[in-house]
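Student: Sequence and predicted structure, then a few things I'm wondering about:
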Amino acid sequence: MIEIGRVSKVKDGKATVAFARHGMCDGCGICSVTKDGGAVELTLDNSLELNVDDYVKVEIFKRKLRVGSVLIYLLPLCLIALGAGLGVLASKAASAILAVLGLIVGLAFAVPVDVFVFRKRDGFKPKMLEACTENDYINNIHKPIK
């Protein structure tokens, strides 16, 4: 997925890029939502050496995000279900305890993988493609959502 945004902050070789919020933003989670909720922000390497108020085209790897999301969200859920299912064989209390343990184990695995693998590897990190104009940005905001 390619989005066009405006550089809102530059510091220490990183650029914070603000994008207009689209309906597809709800399922992704890679960007942080601004306080007013109308835009999303993403901090990435300033590989093009842009300045504040410059416009940039950014590639966000949607397919790879899906792979990461499956691991990060589904692994803990599957372990909760497995723990609850195994616990039912003993008692309701055991089911609850094993479900919580499944959640803890799932998160203990998923969070470090997300932080140290997915967010560090080039195939999962968004990257700047090229500088753009304000007209490109405006046209991108009003493009039809697929």
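Tutor: Thanks, I have it.
Student: Distance-wise, check residue 97 relative to residue 56.
Tutor: 50 Å (CB to CB, to the nearest Å). All C-beta spots, glycine's among them, are computed from the backbone N, C-alpha and C.
Student: quick one, which of the two is more surrounded?
Tutor: With neighbours defined as other CB atoms under 10 Å, residue 97 and residue 56 compare such that residue 56 has more, 23 against 15.
Student: quick one: the longest strand along the chain to chain centroid distance?
Tutor: Identified as the longest strand of the chain according to DSSP state E is strand 2-11. Distance of strand 2-11 from the chain centroid (CA atoms, centre = their mean, to the nearest Å) equals 16 Å.
Student: ok now do the residue located most distally from the centre of the chain, which residues does it touch?
Tutor: Here the chain reaches farthest from its C-alpha mean at residue 90, the gap being 38.8 Å by CA atoms, centre = their mean. Residues counted as contacts of residue 90 (CB atoms under 8 Å, 6 or more residues apart in numbering): none.
Student: Compute the inter-axis angle for the next helix-or-strand element following the longest strand of the chain and strand 2-11.
Tutor: As assigned by DSSP states H and E, the chain's next helix or strand after strand 2-11 is strand 14-20. Going by axes from the mean of the first three to the mean of the last three CA atoms, to 10 degrees, strand 14-20 is angled at 140 degrees with respect to strand 2-11.
Student: Check which helices and strands strand 14-20 sits against.
Tutor: strand 2-11, strand 39-45, strand 55-59 (3 or more CB pairs under 8 Å, 6 or more residues apart in numbering; DSSP states H and E).
Student: which one of the ones you listed is the most hemmed in?
Tutor: strand 55-59 (a mean of 19; mean count of other CB atoms under 10 Å).
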